[in-house]
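Visitor: Dropping a prediction and its sequence here:
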Amino acid sequence: MIEFDDIRAKRKVDLKIILVILLSFLFCIYIFNLLFGEKSFSRMLDLQKEDKILNKKVKDLKKENTTLQKEYFELKELEGK
């Protein structure tokens, strides 16, 4: 005859295994999203590189601006004489 206690015990073990597998799968999806998603680590590194490039462009443009301002004021001074 079938013993229901054995079936219940086996069912609990099977449910625990399924739950562990499901949680592991969800955790893997979460980690994958952290590494490769829209708000990921690689995206952060790309934004940091872009920030460095833009800061360098700002410095270069400021330097160019001061040179052009100096030239402009020199020309304006010559024009005034």
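Guide: Nice, I can see it. Residues are numbered from 1 along each chain as shown.

Visitor: Look up how far Phe41 lies from Ile53.
Guide: Ile53 is 19 Å from Phe41, where distance means Cβ to Cβ, to the nearest Å. Bear in mind the C-beta positions are built from the backbone N, C-alpha and C, glycine included.

Visitor: Over to Phe73?
Guide: Taking Cβ to Cβ, one finds Phe73 at 48 Å from Phe41.

Visitor: likewise Lys63?
Guide: In terms of Cβ to Cβ, Lys63 sits 34 Å off from Phe41.

Visitor: Contact partners for Ser42?
Guide: Ser42 sits next to Leu35, Phe36 when contact means Cβ atoms under 8 Å, 6 or more residues apart in numbering.

Visitor: what helix or strand is it on?
Guide: helix 41-80 (DSSP states H and E).

Visitor: Just the buried residues of that helix, please?
Guide: By neighbour count with 16 or more other Cβ atoms under 10 Å, helix 41-80 contains no buried residues.

Visitor: any idea of the mean pLDDT for it?
Guide: Averaging pLDDT along helix 41-80 yields 93.
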